[in-house]
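Enquirer: Fold the following for me, if possible:
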Amino acid sequence: MNFAMPEFGLALPEIVLLSALSIVLVADLFVSDEKRIITFWLSMVSLAATLAAVVISEPVTRTLTFSASYVSDPLSAVLKIAATICLALVFIYSRDYLMRNALRKGEFYLLSLFGLLGIFVMISANSLLTLYLGLEMLSLSLYALVAFDRNSRICA
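Expert: Here you go, the predicted structure:
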């Protein structure tokens, strides 16, 4: 078994996303309901920073790290770019819906960013355990997003 020092630079997109997610989480605590647009813009900036991190850390060849449980290759970079762009489009198109239904809360953006982190972990998984951890991270945030609109007449 190889216990070499892991290359954290390969996991830069996940690190940037988790750091930005933490900043959005703390900033959302201090934002009033009238200024919830700040959480939206912070989430968009975090997606842009994550996208930049994916492009910067894109490897030329397939590289394994973290005891061969994390893989970084050009395909994973393309999939991470696609997932990030899709989430940015979801944020843009859902903004009016959230405003119209009085659901503009920071939880929507935070849970979506956590889901994106789970997608990133699943994309870079090289073992079933890592894949399972990413799937759980994604599914737990999606469970909470399903129950986001508790007062909906459709669910009642």
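
Enquirer: quick one: buried residues of the worst-scoring helix or strand of the chain on mean pLDDT?
Expert: Least confident helix or strand, the chain: strand 63-65 with a mean of 87, by mean pLDDT, DSSP states H and E. Neighbour-count burial for strand 63-65 flags 64, 65 (criterion: 16 or more other Cβ atoms under 10 Å). Bear in mind the C-beta positions are built from the backbone N, C-alpha and C, glycine included.

Enquirer: Listing partners with orientation, what would you give for it?
Expert: If you go by DSSP bridges, strand 63-65 pairs up with strand 70-72 (antiparallel).

Enquirer: what's the following helix or strand after the partner strand?
Expert: For strand 70-72, the following helix or strand on the C-terminal side (DSSP states H and E) is helix 74-100.

Enquirer: packing partners for the following helix or strand past that next one?
Expert: Scanning forward in sequence from helix 74-100 by DSSP H and E, the next helix or strand is helix 106-123. When contacts are defined as 3 or more Cβ pairs under 8 Å, 6 or more residues apart in numbering; DSSP states H and E, helix 106-123 packs onto helix 12-29, helix 37-56, helix 74-100, helix 128-146.

Enquirer: what's the closest of the ones you listed to residue 109?
Expert: helix 37-56 (4.1 Å; Cβ to Cβ).

Enquirer: Contacts for the closest one next, please.
Expert: With Cβ atoms under 8 Å, 6 or more residues apart in numbering as the test, helix 37-56 has contacts from 12-13, 15-17, 20-21, 23-24, 27-28, 31, 77, 80-81, 84-85, 87-88, 91, 95, 104, 106, 109, 112-113, 116.

Enquirer: For the least confident helix or strand of the chain, give me every contacting residue.
Expert: Outside of strand 63-65, the residues within contact range by Cβ under 8 Å, 6+ apart are 6, 7, 10, 11, 70, 71, 72, 73, 126.

Enquirer: Any of those buried? List them.
Expert: Burial by neighbour count, 16+ other Cβ under 10 Å: within the contacts of strand 63-65 this picks out 7, 10, 11, 70, 71, 72, 73, 126.

Enquirer: Export these to JSON lines and append columns for pLDDT.
Expert: As requested, these are exported to JSON lines (pLDDT from 0 to 100):
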{"residue": "7", "pLDDT": "81"}
{"residue": "10", "pLDDT": "87"}
{"residue": "11", "pLDDT": "90"}
{"residue": "70", "pLDDT": "91"}
{"residue": "71", "pLDDT": "93"}
{"residue": "72", "pLDDT": "92"}
{"residue": "73", "pLDDT": "92"}
{"residue": "126", "pLDDT": "92"}
